[in-house]
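> starting from these lines, generate the structure:
(chains A and B)
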Amino acid sequence: MRFILSCLVVALVFSNLLFAGGFQINEHGARATGMAGAFATSYAPISIFYNPAGLTYLKGTNFSIGTTLIFPSARFRGPYQFNTTQETKMVKQVFYPSNLYLTHTFESGFAIGIGVFNPYGLGSKWPEDWLGRAITVESDLKTFYINPTIAYKFSDELSIGAGFDFVYSTVTLTRKITSFTPEVDVKLSGDGTGVGFNVGWLLKLDPVSVGFSYRSQVKVNYSGTADFKKPAALDALLPGGNIKTSVKMPDVIMAGIGFSNENVTFELGYQFTRWSSYDVIEIDFETETQAQKDQKLERYYRDVSIYKAGLEYRFGNFALRGGIAYDRNPIDDKYVEPSLPDSDRWEFTFGAGYTMGNLTIDLGYMFVRFKQREVIGTVVGFDGVYNASAHLLGINFSYKLF
Amino acid sequence: MIKKFKFSGILTVFFIFISAFIFYSCEEFSEVGTPPSLGTQVKFDKIVAIGNSITAGFQDGALFEGAQNYSYPNLIVQQINKIGGNVTFVQPLISEPGIGTRLRLTSLTPVQLQQQMVTGSPKNSTHPAPFNNLAVPGAILYDVLDTTDFATKSVQRGNPFFQIVLRSKALGPTMFHQAKALNPTFVFFWMGNNDVLGYAASGGTRGTDPTGKLPTPDVIFQLLFRQAIDSLLKINSTVKVAVANIPDVTVIPFFTTIPWFIVDPNTGQPVKDAQGNLIPLIGIKGGQPAQLGPGDLVLLTASSLIATGYGLPNVPPFSQLPNAGKPLPNEYILDASEVSIARTAIQKFNLIIDTVLANPARAGRTVKVDIYSRLNEVKAHGLEIAGVKFTTDFITGGLFSLDGIHPSNRGHGIIANEFIKAINTKFGSNIPYVDVMSLPGIQLPTSSIAEGKYQIPKIPAEALKGVVELFVSR
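Predicted coordinates for the structure are as follows:
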């Protein structure tokens, strides 16, 4: 088992991730993806992410592995600072936040499990020579959560779950300093760890269920380096060297009310992400000079809500799913910048599952339609219009071990 | 209840999902902004610029082709041509390395400039018509309409540019007459800076008034300015004029880079006395040696004098410098009362510009470009464009060229955008702005560069003299 996990650690660490409501990603299981993430009252191995209390309703040992392929596209028209609506397209990339779950449910009502997933991530890349290159060229943030979990069923109606989050994260940010000719390439990169926890409860009063889960804030302390590709003339001004920063991954509440019978599950879900923890990012340079000073990046995100509805219909070995969600973005107009061109979005999902003996394959598709967003008065001096959309395709293989 | 779910009901729900999906599945995308347009109120066919060294594209202490190409009027014309204008804008190009005292950055730690007297030559002196860019470095407002023989003027003032720009009497005796000969449809006009900079850049020792000691008197400025604008508007019945006003001296790094107190040249940090107080420089104020204070401005030209001991008290450790104990001469200091004279003149000039342009007889065909307010804003808050912060700091601020007075390439880009914004607003055109970041930034030397907050630039004593002479020689 340890071997499998360590292999996965490598695979996940090197996968890229994408923005989704700030830089949150909510697709950590194809079955839930098909239901627009309204999964607080359902139970499956992926419940470790959505609501750990759900583990108690499983039987025996379950294993699930999956990934979500994300195909985003975005474009910017502007900047208005140059009275232009010239269009720049974001460089096409594919991201694949992945997940792995292993659970065991005992007859006694106890259940244990471990989950590995990437709930926060950001990936954006603009052309090297584009107008906003002094703000960002490429941004890449990955988080990698290892989440051992325990759950207990008090009665057929009520169960609770709790877990521990160990978080590893990497970040790379590149941009250009355009004040000089030739321009200077800036690369800040680092990695770090943090810890947190999650809890959840599930109340099943057939046909109605109520679920609630909470995942704590995780402060990740990064250390890394600043590299400047520059002419020798700037050696003294921009020596580079070690940097430190920390980012607080926000806490999240997921709640849902579900209605289900033998064939159908319908859930109305609500998610609250306390993005206000993402306020000021302080970058601390070990070596300070006039040009290379400690930096405070103002972000001041707002807390946001996601409203979602998901439906699953099961017949025989098949399941069909659909969902819809409305996801608010946490960024005020003045702080919007092209490394994270966020806006409110509608999410539409479809999914299907098929079970053959012990193996279940789930597919989930999501289309994310970002509202066109015009921002004026940005602090980085880059006003204009962002358009974006994304296709997500999730797949999970789940196996009932015994 | 729930058991009554029917398969058809499920299908209905799926149908709703699918319809919603199809309805919404296209990416939201609508046209934004106004399409670029030259509008119909202005014909941009024939453009003329009248001004001084700024409009000419003078940079780094010299006039040279590599800088003239980025002069704000030339940048504006390029933007007009990008959206279908077909404007020819001929400038009196000077071959590299240019004419003047050309400065080059040799180090950033500390800021070190190298000077070179350069004598490039005019490249298109045989152009058969007047130049479209008629800006003459060193010209004051009076020169726009002054019919004194410009060849003589060039000799008298030691300023070759009158002759280089105006060339031949056959083309017209003044900037105005040559402009008129081109029968322009649009004029950029930026004059009056030197009517106060002559005073300020000489540390209040010389000037452009009849006594030669003070800025141009405002009554004369009013007369000349009104006459210049009216003359331009009379060239034809449709010509439009964009007029820039005069920036404050305290936004110009030439006046603000060297602080009034002593700075350690090695660390760039203030030197403090035993009590932890700043130690003021000593200079001639009101004819007497005196300690400088926060209201006094030390000119950039003083840097090399301070390095030899001028302005420093004759006590250890300064006494090892040969000139320690000698006050900074008057012409290197714009003391607080002189600053006040310069700023008063600027405010009066700008008020005159406002009043003259606002007159209903002129208002319809003129537009003010408020460089004064814009630079004050930049001074106060910086100017953030596409992730780059411009400030009014010397060199690193990005707005000013190496001489600390004239705009850099990007400074010209920002000025061009202010003109375009004013023109668009007034005359219903929609010319896109210059992509400031596409213009060359600070040209880096190949050696190493240092730092320090008050790091005093090491500028050869004579390096900026040419620039100062440009403003004060009469």
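> now check the longest strand seen in chain A, is it near chain B?
Identified as the longest strand of chain A according to DSSP state E is strand A:184-205. No: Strand A:184-205 lies out of reach of chain B by Cβ under 8 Å from any Cβ of the partner chain, never closer than 9.2 Å. In short, each C-beta sits where N, CA and C put it, glycine included.
> below-threshold pLDDT in chain B: ranges please.
When residues are selected by pLDDT under 70, those of chain B lie in B:1-28, B:109, B:445-474.
> chain A now?
In chain A (pLDDT under 70), the answer is A:1-21.
> work out which residue lies at the spatial centre of it.
A:Ile25 (2.2 Å; Cα atoms, centre = their mean).
> relative to A:Ser47, how far out is it?
17 Å (Cβ to Cβ, to the nearest Å).
> check contacts around A:Gly34.
For A:Gly34, the contacting residues are A:310, A:312, A:321-323, A:349-353, A:362-365, A:394, by Cβ atoms under 8 Å, 6 or more residues apart in numbering or on different chains.
> go on, A:Tyr80?
A:Ile376, A:Asp383, A:Gly384, B:Gly33.
> which residue is the nearest non-sequential neighbour of the second one?
This means A:Asp383. A:Tyr80 (4.0 Å; Cβ to Cβ, 6 or more residues apart in numbering or on different chains).
> please tell me how far that neighbour sits from A:Leu131.
11 Å.
> spell out which parts of the stretch 301-450 of chain B neighbour chain A.
B:383-388, B:396, B:398, B:417, B:420-421, B:424, B:430-437, B:440-450.
> give me the buried subset of those.
Buried by 16 or more other Cβ atoms under 10 Å in any protein chain shown: B:383-388, B:396, B:398, B:417, B:420-421, B:424, B:430-437, B:441-445, B:449-450, out of those.
> take the contacts of A:Tyr80 and keep only those in helices.
Taking DSSP state H, every one of these sits outside helices.
> next, please give the residue ranges for the strands of the stretch 301-402 of chain A.
With strands called from DSSP state E, counting those that start in this stretch, the stretch 301-402 of chain A shows them at A:304-315, A:318-327, A:345-356, A:359-370, A:373-375, A:384-400.
> centre of the chain to the shortest one, how far?
Shown here is strand A:373-375, whose average C-alpha point lies 23 Å from the average C-alpha point of the whole chain (Cα atoms, centre = their mean, to the nearest Å).
> counting by contacts, list what it packs against.
Using 3 or more Cβ pairs under 8 Å, 6 or more residues apart in numbering or on different chains; DSSP states H and E, the elements in contact with strand A:373-375 are strand A:384-400.
> buried ones in the strand it packs on?
Using 16+ other Cβ under 10 Å as the test for burial, strand A:384-400 gives A:384-390, A:392-396, A:398, A:400.
> ok, and which of the residues you listed reach chain B?
Within these, those near chain B by Cβ under 8 Å from any Cβ are A:Val385, A:Asn387, A:Ala388, A:Ser389.
> residues in contact with stretch B:220-239?
Under Cβ under 8 Å, 6+ apart, the answer for stretch B:220-239 is B:43, B:50, B:141-142, B:144-145, B:176, B:179-180, B:183-187, B:189, B:191-192, B:195, B:209, B:241, B:243, B:348-349, B:352-353, B:356-357, B:362, B:365-366.
> recalculate using a threshold of 6 Å.
B:141-142, B:144, B:176, B:180, B:184-185, B:187, B:241, B:349, B:352, B:356, B:365 (Cβ atoms under 6 Å, 6 or more residues apart in numbering or on different chains).
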